[in-house]
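> show me the folded form of this:
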Amino acid sequence: MENHCKGSTLLCVAIILGASQLSATPQTVAHSSISAPASIAGLITASDAVVTGTATGTLTGGTASATISVEKVLKGSPTSGSVLHATWPVSPGLTTPAGSSSTVHGLFYLRQTNTAGEWTALPVMLGSGWFNIVEPIPTTVPSSIVTATAASLPANPSVFDSVAVELVTVVESGNGSLYPDLVTTALEMPSPVFDAAFRRFVGGGVPALVCTGAAGLLAEGDAAIPGTVLKNYAAWSSMVNWPRVILEMATAYVSADSQALATLGSLATGEKIPTDLRVAAGTALAAIHAPASLQALASLLDDPNVDLEAAAVGGLSMFANNVPVRGHGPAAGPWKYRSNDTIEHSAFDEGLIRNRGPYYLQFWKNWWTQNQADFQQ
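As a prediction, this is how the structure comes out:
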């Protein structure tokens with residue numbers, strides 16, 4: 001059977017653009033352009049304490065150490081106002097001179113080393129500079145942001161919720177800094193703090209925040225956001241974070257809402273809709289492949305855009321073979337529409353459609369003709 005899900009050219013470009021943005025950060029003390037962020041949810045789970053405060057660190061040989069003056073305790077036994085001592089290993093490949101020191105204010109994830117009060121600091125960035133154990137956060141925050149994030153906390157906030165407040169504060173105070181990545185973190189550890197922030201960003205009009213908010217709502221599966229994206233395309237598509245909106249629509253958006261599916265169908269099939277938005281919507285529609293979306297997908301089998309033809313074949317074949325939403329293989333058990341032919345003619349790859357278009361496209365046109373009565377609304 002052919003390779004079924006390599007994705008479209010535009011989608012690959014969006015992924016590259018999105019990844020390049022996520023690696024960028026103004027926080028040069030803790031991060032470098034070639035470093036990769038650790039999972040925030042993983043750090044919280046692995047730590048015995050999560051605190052904010054100011055740390056002064058020193059590099060000696062292959063070990064770094066820091067004294068951390070604690071301000072807020074989000075998890076664990078330390079107390080506000082206490083001073084903690086933490087160490088962590090440093091990559092031998094770094095060229096930073098021994099004896100280097102730095103002071104930074106931020107968020108720290110700590111694992112208790114022993115009962116004598118020693119701590120090991122967990123790295124928030126992998127493959128970065130020696131002082132990579134801190135998520136820098138501002139020392140002063142506008143009162144409007146403090147009020148908004150506090151209002152979004154649930155009655156009994158979890159550690160995830162409390163950390164989410166600090167991460168949102170970093171991005172919102174920095175007018176849209178691309179790190180920390182709120183969208184990915186919100187998927188790892190959903191919190192009303194993130195949801196409220198995304199809605200605030202979309203409605204707030206700050207250019208550097210708007211697309212982060214839209215991308216976050218797409219990742220959450222908000223029913224109204226595809227229509228909002230279309231309405232604001234002219235303004236948003238020129239923003240630096242726009243590729244992330246396209247990326248999340250294409251690779252993450254899921255909704256069972258009938259209006260959301262109808263909007264995706266209109267976006268994918270509309271000849272006057274911008275191409276990047278058409279392809280992202282078509283890719284999302286294919287990944288969801290709900291019965292209500294099959295008519296729109298079938299209409300794309302004759303589209304002149306090969307990426308949309310690939311989405312049409314991909315969506316119809318995933319439905320016919322009973323592939324779960326955003327899944328990669330058929331579900332177990334019998335399925336009315338699955339056959340050896342539907343499996344043989346499965347594809348979600350513009351390269352395959354470009355090279356063997358008639359083989360795939362004609363089969364699914366015939367399949368739709370034979371089965372469309374089952375899906376008439």
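
> grab the nearest non-local neighbour of Leu84.
Spatial nearest neighbour of Leu84, excluding adjacent residues (Cβ to Cβ, 6 or more residues apart in numbering): Ile68 at 4.6 Å. Backbone N, C-alpha and C define where each C-beta goes, glycine included.

> for that neighbour, give the beta-bridge partners.
Here Ile68 sits in beta bridges with Ala55, Leu84, going by DSSP bridges.

> Val229 reaches Ala214, doesn't it?
Yes - counting by Cβ atoms under 8 Å, Val229 does reach Ala214; the two are 5.9 Å apart.

> shared neighbours, those two?
236, 245 (Cβ atoms under 8 Å, 6 or more residues apart in numbering).

> name the SS class of Ser65, please.
Assigned by DSSP: H, G, I helix; E, B strand; the rest coil, the conformation of Ser65 is strand.

> distance of it from Glu135?
Look at Ser65 and Glu135: by Cβ to Cβ, to the nearest Å, they are 19 Å apart.

> and Pro330, by the same measure?
Distance from Pro330 to Glu135, by Cβ to Cβ: 42 Å.

> counting neighbours, go ahead and name the busier of the two.
More crowded of Pro330 and Glu135, by other Cβ atoms under 10 Å: Glu135, with 25 against 17.

> how many other residues sit next to Thr58?
For Thr58, the number of neighbouring residues by other Cβ under 10 Å comes to 16.

> was I right to think it contacts His85?
No - assessed by Cβ under 8 Å, Thr58 is found out of contact with His85, at 11.3 Å.

> which residues are in contact with each of those two?
Common neighbours of Thr58 and His85 (Cβ under 8 Å, 6+ apart) are 65-66.

> on that earlier part again, residues touching the residue nearest to Leu84, list them.
Per Cβ under 8 Å, 6+ apart, neighbours of Ile68: 51, 53-55, 83-86, 108, 110.

> quick one: which of the residues you listed is nearest Asp276?
Phe108 (39.8 Å; Cβ to Cβ).

> let me see the backbone angles for that closest one.
phi -130, psi 140 (degrees, to the nearest 10).

> same thing with Arg354?
Per degrees, to the nearest 10, the backbone of Arg354 is at phi -60, psi -40.

> find the nearest non-adjacent residue to it, please.
With Cβ to Cβ, 6+ apart as the criterion, Arg354 has its nearest non-adjacent residue at 5.3 Å, and that residue is Val306.

> swap in Ala290?
Leu261 is the one closest to Ala290 (Cβ to Cβ, 6+ apart), at 5.8 Å.

> and the one you found, that's in a strand?
No - in this structure, Leu261 is helix, not part of a strand, as judged by three-state DSSP.

> what's the burial count for it?
For Leu261, using other Cβ under 10 Å, the count is 21.

> ok now the helix or strand hosting Val163, how far from the chain's centre?
According to DSSP states H and E, Val163 maps onto helix 159-173. Relative to the centre of its chain, helix 159-173 is centred 16 Å away, using Cα atoms, centre = their mean, to the nearest Å.

> list the buried residues of the helix or strand containing Thr212.
Per DSSP H and E: Thr212 is located in helix 207-220. Residues of helix 207-220 classed as buried by neighbour count (16 or more other Cβ atoms under 10 Å): 208-220.

> right, and Glu350 touches Ala312 too?
No - using Cβ under 8 Å, Glu350 is not in contact with Ala312, being 11.2 Å away.

> so between those two, which is more surrounded?
Each of Glu350 and Ala312 has its neighbours counted (other Cβ under 10 Å); Ala312 has more, 30 against 26.

> the more buried one falls within a strand, correct?
No - counting by three-state DSSP, Ala312 falls outside a strand, being helix.

> so who does it touch?
Ala312 neighbours (Cβ under 8 Å, 6+ apart): 282, 286, 297-301, 303, 361, 364.

> quick one: stretch 298-308 to chain centroid distance?
27 Å.

> list of residues touching it?
Contacts for stretch 298-308 (Cβ under 8 Å, 6+ apart): 8-11, 268-269, 275, 278-279, 282-283, 309, 311-313, 316, 350, 353-354, 357, 361, 364-365, 368, 372.

> now those: which count as buried?
8, 10-11, 268-269, 278-279, 282-283, 309, 311-313, 316, 350, 353, 357, 361, 364, 368.

> now the strands: where do they sit in this structure?
36-37, 49-60, 63-75, 83-89, 101-112, 118-121, 125-126, 134-136 (DSSP state E).

> highest mean neighbour count out of those strands?
Comparing those by mean neighbour count (mean count of other Cβ atoms under 10 Å), strand 134-136 ranks first with a mean of 25.

> from Met125, how far off is Asn114?
Taking Cβ to Cβ, one finds Asn114 at 26 Å from Met125.

> now swap in Ala223 and tell me
Noted for Ala223: a distance of 35 Å to Met125, by Cβ to Cβ.

> also Ser39?
In terms of Cβ to Cβ, Ser39 sits 12 Å off from Met125.

> do the same with Ser293
Ser293 is 40 Å from Met125, by Cβ to Cβ.

> before we move on, what about Thr212?
From Thr212 to Met125 the distance is 19 Å (Cβ to Cβ).

> ditto for Glu271
For Glu271, the distance to Met125 - Cβ to Cβ - is 45 Å.

> again with Thr275
From Thr275 to Met125 the distance is 36 Å (Cβ to Cβ).

> kindly report the same for Asp222.
Distance from Asp222 to Met125, by Cβ to Cβ: 30 Å.

> kindly report the same for Ile288.
From Ile288 to Met125 the distance is 34 Å (Cβ to Cβ).

> skipping adjacent residues, who's closest to Arg111 in space?
In space, Arg111 is closest to Thr120, 4.7 Å off (Cβ to Cβ, 6+ apart).

> er, Pro324 I mean
Ala331 (5.7 Å).

> spit out the contact partners of that neighbour.
322-324 are the contacts of Ala331 under Cβ under 8 Å, 6+ apart.
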